[in-house]
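Peer 1: have a look at this fold, sequence not included:
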């Protein structure tokens with residue numbers, strides 16, 4: 001798979017809020033997105049102290065939902081599934097998922113990393129050989145500065161018997177401290193300049209986020225949080241362009257933090273929040289917890305957002321239309337998953353348009 005510079009590579013954990021957000025995108029936006037889909041971890045039952053479901057139940061609807069809710073080319077990363085997991089019939093989860101995706105006509109590329117165990121590597125090799133669509137290699141920024149990186153990548157490519165030009169490459173910054181932006185940009189530009197095969201990878205993407213780890217650190221009411229990964233990216237492409245280095249495709253983690261803590265939801269009181277992406281930041285509208293104060297408060301939060309100068313209008317996205325209808329009392333106040341798809345859908349539309357505008361106006365590309 002080859003994604004273009006003007007495209008967008010969002011890393012999305014495949015849960016209901018995320019796949020409903022993809023499903024409701026405009027056709028134009030869908031054409032500009034190559035999602036990096038993370039198969040989520042199995043839930044945990046704190047009462048029994050075991051997984052909340054079997055691996056078979058967990059994966060049984062994954063490929064069907066990818067087909068129904070997305071349907072297009074995608075990258076599929078299974079690193080959140082424990083390497084010891086096996087299907088009831090002994091099949092490896094990688095083999096099950098990609099066979100199911102293949103049978104439904106989904107053009108999926110497996111994602112590997114430098115830490116994958118031998119069994120996972122064996123299954124990925126089989127997938128690569130069967131589908132002949134190549135491979136995606138995802139490494140962290142800490143791994144990118146290892147002195148033996150060229151040897152590690154060379155061994156990985158040799159193991160899968162693919163050419164560098166058959167591989168998509170993702171440099172994952174995760175959630176770094178982006179500030180000061182210019183200095184961090186110089187550091188990342190230096191790292192990119194030293195990456196092995198930088199001009200040979202079939203595609204090259206850079207992902208990361210500055211989204212808060214928890215809504216607990218956000219005060220109640222209205223807050224604006226800088227979207228530093230976007231501000232940083234605009235600075236970085238200027239530096240890379242001036243140096244003649246390859247410019248990566250932009251990616252982020254949507255409106256999520258990369259690592260989601262394992263929480264006992266019996267003990268958690270999540271707040272009502274709307275996460276709304278704006279030009280260089282997120283507008284966060286936060287109310288009291290929904291367990292004690294209910295979901296009706298979302299109507300008021302939507303009314304506040306619609307009156308805000310930051311609101312993009314009901315025609316901007318399906319998420320924006322829902323916000324407007326909720327403010328008018330015409331749409332349900334939903335549940336937490338509702339507001340995840342609403343916020344994610346708006347975010348994906350917003351970033352896609354921002355990228356299109358950036359590369360139309362940029363003199364570095």
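Peer 2: Looks like it came in fine. Values in this document were obtained by computation on a predicted structure and should not be read as measured data. Residues are numbered from 1 along each chain as shown.
Peer 1: element containing the spatially closest residue to residue 113 that is not a sequence neighbour?
Peer 2: Distances taken as C-beta to C-beta, 6 or more residues apart in numbering place residue 138 nearest to residue 113, at 5.3 Å, with adjacent residues excluded. Bear in mind the C-beta positions are built from the backbone N, C-alpha and C, glycine included. Per DSSP states H and E, residue 138 falls inside strand 135-140.
Peer 1: got the buried residues for that strand?
Peer 2: Residues of strand 135-140 classed as buried by neighbour count (16 or more other C-beta atoms under 10 Å): 135, 136, 137, 138, 139, 140.
Peer 1: mind giving me the packing neighbours of whichever helix or strand comes after it?
Peer 2: Under the assignment DSSP H and E, the closest C-terminal helix or strand after strand 135-140 is helix 141-144. When contacts are defined as 3 or more C-beta pairs under 8 Å, 6 or more residues apart in numbering; DSSP states H and E, helix 141-144 sits against strand 167-172, helix 181-193.
Peer 1: residues in contact with helix 141-144: which ones?
Peer 2: Outside helix 141-144, the residues that touch it by C-beta atoms under 8 Å, 6 or more residues apart in numbering are 114, 149, 152, 171, 172, 173, 174, 176, 188, 191, 195.
Peer 1: report the separation between the residue nearest to residue 113 and residue 202.
Peer 2: Computed as C-beta to C-beta, to the nearest Å, the residue 138 to residue 202 distance reads 14 Å.
Peer 1: before we move on, back to that, partner strands of the strand holding residue 138 and their direction?
Peer 2: strand 108-112 (parallel), strand 167-172 (parallel) (DSSP bridges).
Peer 1: what sits up against the longest one?
Peer 2: To tie it back to what came earlier, the one meant is strand 167-172. Residues outside strand 167-172 that contact it (C-beta under 8 Å, 6+ apart): 1-3, 9, 11, 36, 75, 109, 111, 134-141, 144, 157, 191-192, 195, 197, 201-208, 248, 251.
Peer 1: with the first one instead?
Peer 2: For strand 108-112, the external contacting residues (C-beta under 8 Å, 6+ apart) are 1, 36, 66, 73-79, 94, 98, 101-102, 120-121, 124, 127-128, 131, 133-138, 156, 160, 168, 170.
Peer 1: and those residues, which are buried?
Peer 2: Applying 16+ other C-beta under 10 Å to the contacts of strand 108-112 flags 1, 36, 66, 73-79, 94, 98, 101, 120, 124, 127-128, 131, 133-138, 156, 160, 168, 170 as buried.
Peer 1: among the residues you listed, which ones are in helices?
Peer 2: Secondary structure from DSSP state H places 66, 94, 98, 101, 120, 124, 127, 128, 131, 156, 160 of these in helices.
Peer 1: any idea how far the first one is from residue 329?
Peer 2: When you say that, I think you mean residue 66. 35 Å.
Peer 1: just for the stretch 1-150 of the chain, where's the confidence low?
Peer 2: 44-50 (pLDDT under 70).
Peer 1: again, only this time at 80
Peer 2: The model of the stretch 1-150 of the chain has pLDDT under 80 over residues 1-5, 43-52.
Peer 1: show me where it has strands.
Peer 2: Ranges of strands in the stretch 1-150 of the chain, per DSSP state E, counting those that start in this stretch, are 11-13, 36-38, 44-45, 50-51, 74-77, 108-112, 135-140.
Peer 1: same check, this time on the stretch 151-300 of the chain
Peer 2: Assigned by DSSP E, counting those that start in this stretch, the stretch 151-300 of the chain shows strands spanning 167-172, 203-207, 221-226, 249-251, 271-278, 281-289.
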